[in-house]
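J.: got a predicted structure plus its sequence, pasted below:
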Amino acid sequence: MKVYYPRDYKFLEHNKLDSDSYHFIYDHLCGFDENYNNSILQNQNQNNNTIKIGTEYIFDDNLKKKYPNIQFTFSSNIVKKLDFEQFENYNIHPELTFNNFLCSFNGSDHVSRQLLTAILNNQKIFDPQFSSKNFSCSNDWILGHLDYLNLDSDEKELYRHFFKNDNYFNNQIYSFGHVQFDHKNNIYNLEDKLTQSFLHIVSETMATSYYPYYSEKFMYSIITRGLFLSYAQPNWHHHLEKYYGFKKYDKIFDYGFDSVKNPVKRLIRLVEMISKFKNLSVDDWQDLYLSEQDTIEYNYDHYFSKNYLTHLAQFD
């Protein structure tokens, strides 16, 4: 098996792979546009022979049809080792207290994280004691992204008001001593923030892409028995349930935002939906949490029992 990492993406965009070998490409492949175009796969699909490529994605038939000269495979074992294995020895979390409404952890300055932190602060639900922003950026920079995210002129003029912030927030960096990829230790940096918050907004990798990609980030809430929603790709939550077997918290949350294709409109729908919870009392948050307790326990057990691997194995 020949293995390729993000540092190899430029090579894969311009060079053909050997059709006699099996190739595994790690990570997000730089994402997909609204028509499932991907520069790496487009280049490899031009090969005269069928190429065998493994990825961390579970591709549906619609995407596979886009690349008929590629035979896609998926490995649940590789996904386990890359994303979930580091949490297996974490089995005691702090008591849940719900002293805070929301937490969100934003490492790299990807466009989607700039947009997420901007709108959370604009809507006064970004608390730097519970949410991180490991980058600085300007309003011009953030609002400039709207020009490239498939919005018409009226939509851009409307939505820009939801992402503007004062210069102090834009320039500030809020960090919790996060060490990239070191999840078995990072959970101890974040566990108090997770268990004191009613809701964790997961800032998934490349939420401006159009096909669901799963990293370890949502697992931080699963193992601390918390409620989470992800700002991720369209149908991310639907695919999480279908392919990974983790259940949605649909007794209290409306997942209508999940099927919205445009990343800006999806984010606004998500924030609009959760905003109605922000001014509730701690007792109210506790009651809502308890209404989803069966699902929370199911997801917790689904991970630690490794049943999610059995679910994923269907797609190997």
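T.: Received the coordinates, thanks.

J.: in stretch 64-78, what's buried?
T.: Neighbour counts using 16 or more other C-beta atoms under 10 Å place 66, 67, 70, 72, 74, 75, 76, 78 of stretch 64-78 among the buried residues. To be clear about C-beta, it is placed using only N, CA and C from the backbone, and glycine gets the same treatment.

J.: mind checking which of those land in helices?
T.: Using DSSP state H, the subset of the buried residues of stretch 64-78 located in helices is 66, 76, 78.

J.: will you turn those residues into a markdown table that also has distance to residue 33 and pLDDT?
T.: What follows is these, written out as a markdown table (distance: C-beta to C-beta, whole Å; pLDDT from 0 to 100):
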| residue | distance to residue 33 | pLDDT |
| --- | --- | --- |
| 66 | 11 | 96 |
| 76 | 27 | 89 |
| 78 | 26 | 85 |
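
J.: now flag whichever of those is closest to residue 247.
T.: residue 76 (18.7 Å; C-beta to C-beta).

J.: that closest one touches residue 312, doesn't it?
T.: Yes - counting by C-beta atoms under 8 Å, residue 76 does reach residue 312; the two are 3.7 Å apart.

J.: list the contacts for residue 98?
T.: Applying C-beta atoms under 8 Å, 6 or more residues apart in numbering to residue 98 gives the contacts 196, 197, 198, 282, 285, 286, 289.

J.: redo those as CSV? Include secondary structure.
T.: CSV is the format used below for the contacts of residue 98 (DSSP: H, G, I helix; E, B strand; the rest coil):
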residue, secondary structure
196, coil
197, strand
198, strand
282, helix
285, helix
286, helix
289, helix
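
J.: buried ones among those?
T.: Buried by 16+ other C-beta under 10 Å: 196, 197, 198, 285, 289, out of the contacts of residue 98.

J.: neighbours around residue 167, how many?
T.: 10 (other C-beta atoms under 10 Å).

J.: ok, it to residue 28 distance?
T.: Residue 167 sits 31 Å away from residue 28 when distances are taken as C-beta to C-beta, to the nearest Å.

J.: and what of residue 90?
T.: According to C-beta to C-beta, residue 90 stands 25 Å off from residue 28.

J.: what's the answer for residue 123, then?
T.: Here the criterion is C-beta to C-beta. By it, residue 123 lies 27 Å from residue 28.

J.: for these two, indicate the residue with more neighbours.
T.: Each of residue 123 and residue 28 has its neighbours counted (other C-beta under 10 Å); residue 28 has more, 22 against 15.

J.: go ahead and confirm that one touches residue 205.
T.: Yes - using C-beta under 8 Å, residue 28 is in contact with residue 205, at 5.4 Å.

J.: for the most centrally placed residue in the chain, which non-adjacent residue is closest in space?
T.: With distances taken as C-alpha atoms, centre = their mean, residue 204 lies nearest the centre of the chain, 2.0 Å away. Leaving aside its chain neighbours, residue 204 sits nearest to residue 232 (3.6 Å; criterion: C-beta to C-beta, 6 or more residues apart in numbering).

J.: with that, I have no additional questions.
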